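Novice: Would you be able to build a 3D model of this:
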Amino acid sequence: MKATCPHCGTYGPVEIFLTDGDAKSVQLAVAALPGELPRLTWSYLGLFRKPGSSRVLTWERAGRIVAELAALVAEPDTQWKGGRVVQNRPEFWAQAIKLVLDRDAQGKLERPLDGHNYLRAVAYELAEKAWYQGNVRREEEAKHRPQEPQPQRRRDPERDEHIVPLAEGLRDWRKRLGVTKGAGGDDGENGR
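Specialist: Just a heads-up that it's a prediction; the model follows:
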């Protein structure tokens, strides 16, 4: 990344600007990002400049971009345009930055970027795909998991005294209910 000195107009590599306060804070913020994001963020910042332009990205603006990115990465969940809320992980953002940089290398990205919306959409798509694959895997594991034995019902002696086998319970039901043979045609002989 190249920078311009705000006092003398010197243009050069980032390393010569380590004495600048904003430059230091941006470098610390980038270094604090998890995983491989610090390495990828410097290239991602370049997408906020128009190619071939003599204008450079100021440290102040770079700091805002990195702070916004850090906030997005730190969220426990992610959602995009009213979709399903899924778990957020730094790997999704690193992979999304790689995909965005690849798209830029293919000339399919309009620069300069004006925000993180494209990156958010790509990261959300990756997170949702991971969520879906995780659910499919869990369902497959559940199919192959042996059935857990059902807990045995404790026997209650008081209740068990009143349990009558079905055949015995149906015997003499007419007598117990006061139904006489032939009354109402319930005996199966149609009252004969």
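Novice: What pLDDT does the model give residue 145?
Specialist: On the pLDDT scale, residue 145 is placed at 68.
Novice: max-length helix in this protein?
Specialist: Longest helix of the chain, by residue count under DSSP state H: helix 117-144.
Novice: by contact count, what packs against that one?
Specialist: helix 59-74, strand 77-78, strand 86-87, helix 90-105 (3 or more C-beta pairs under 8 Å, 6 or more residues apart in numbering; DSSP states H and E). All C-beta atoms are positioned from the backbone trio N, CA, C, and that covers glycine.
Novice: got TSV for the ones you listed, with mean neighbour count, mean pLDDT and distance to residue 27 too?
Specialist: As requested, these are exported to TSV (neighbours: other C-beta atoms under 10 Å; pLDDT from 0 to 100; distance: least, C-beta to C-beta, whole Å):
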stretch	mean neighbour count	mean pLDDT	distance to residue 27
helix 59-74	17	95	9
strand 77-78	16	94	26
strand 86-87	17	93	29
helix 90-105	18	96	18
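Novice: Let's have these in JSON lines, adding distance to residue 113.
Specialist: Output for the helices and strands packed on helix 117-144, formatted as JSON lines (distance: least, C-beta to C-beta, whole Å):
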{"stretch": "helix 59-74", "distance to residue 113": "9"}
{"stretch": "strand 77-78", "distance to residue 113": "19"}
{"stretch": "strand 86-87", "distance to residue 113": "24"}
{"stretch": "helix 90-105", "distance to residue 113": "8"}
